[in-house]
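> Using only what follows, build the 3D model:
(chains A and B)
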Amino acid sequence: DAKTTQPPSMDCAEGRAANLPCNHSTISGNEYVYWYRQIHSQGPQYIIHGLKNNETNEMASLIITEDRKSSTLILPHATLRDTAVYYCIGFNAGNNRKLIWGLGTSLAVNP
Amino acid sequence: DTAVSQTPKYLVTQMGNDKSIKCEQNLGHDTMYWYKQDSKKFLKIMFSYNNKELIINETVPNRFSPKSPDKAHLNLHINSLELGDSAVYFCASSQEGYPETQYFGPGTRLLVL
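The predicted structure is shown next:
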């Protein structure tokens, strides 16, 4: 499973885009990148995932570099309710099918 | 309707007691999980069941015993509770074939005194 590295904390102004980086330089060719977030006192929530193409859904966009060694989760217009810990997780669709969670990035959206 | 629910939300108990946490999902998923989140906020998988069959059993003390009466329920029974068991326990579920997209419950905050 790819080891992922994220900054421990970030700040963002309300209404601005929040760009959360993740390094996964050891990612293998069939390993997806998953993003979850955990709002304080709640269970984690799935956001988005991707393999090599950029992805977008109603919550966020995921930009994966061409060499797949890093990715960026983009919240286009951050709100106060986006304040949470964001986890970038490598997932191998092989035999070891489980999510390995790091400490994530604590994003504070400020008014 | 709550997709993944857990009871109780809070559990305060004495060392040595036996307690259970219940989890139910109404998403029609085949796979359910138990995670433990410690004070440092690391989220670690404990167990995974698929259609009532245990498929992941991490290095967890055998005081912890999951039970799945049907595929919509996965309960966690803990015997002889210890101080180090204090944590937040999360239940989650996923659709078969998509184990990476998991839906989590609100968590059960266990405090062992």
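> Can you name the residue of chain B nearest to chain A?
With C-beta to the nearest C-beta, the shortest gap between chain B and chain A falls at B:Phe104, namely 3.1 Å. Yep, even glycine has a C-beta here, placed from its N, CA and C like the rest.
> Just give the nearest non-adjacent residue to residue 70, would you?
By default, I'm working from chain A. Nearest-residue entry for A:Ser70: A:Asn23, 4.9 Å, with adjacent residues in sequence omitted and distances by C-beta to C-beta, 6 or more residues apart in numbering or on different chains.
> You answered for a different chain; I wanted chain B.
B:Lys52 (6.6 Å).
> ok so, going back, what does the pLDDT read for the residue nearest to A:Ser70?
According to the prediction, A:Asn23 has pLDDT 93.
> Report the beta-bridge partners for it.
According to DSSP bridges, A:Thr5, A:Ser70 are recorded as the beta-bridge partners of A:Asn23.
> circling back: partner residues bridging the residue of chain B closest to chain A?
Following DSSP bridges, B:Phe104 is listed with bridge partners B:Ala92.
> Paired strands for the helix or strand of chain A with the lowest mean pLDDT, with orientation please.
Of the helices and strands making up chain A, the lowest-confidence element is strand A:84-92, at a mean of 88, by mean pLDDT, DSSP states H and E. Here the strand partners of strand A:84-92, with direction, are listed using DSSP bridges: strand A:31-38 (antiparallel), strand A:105-110 (antiparallel).
> Reformat those strands as a markdown table; add mean neighbour count.
Below are these laid out as a markdown table (neighbours: other C-beta atoms under 10 Å in any protein chain shown):
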| stretch | mean neighbour count |
| --- | --- |
| strand A:31-38 | 22 |
| strand A:105-110 | 18 |
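> Could you dump those strands into CSV with mean pLDDT added?
Shown next, in CSV, are those (pLDDT from 0 to 100):
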stretch, mean pLDDT
strand A:31-38, 92
strand A:105-110, 97
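> Quick check: residues of chain B near chain A?
Residues of chain B lying close to chain A by C-beta under 8 Å from any C-beta of the partner chain are B:4, B:40-45, B:48, B:56, B:90, B:92, B:99-107.
> let's go with 7 Å and repeat that
By the criterion of C-beta under 7 Å from any C-beta of the partner chain, the positions of chain B lying close to chain A are B:41-43, B:45, B:56, B:90, B:99-102, B:104-107.
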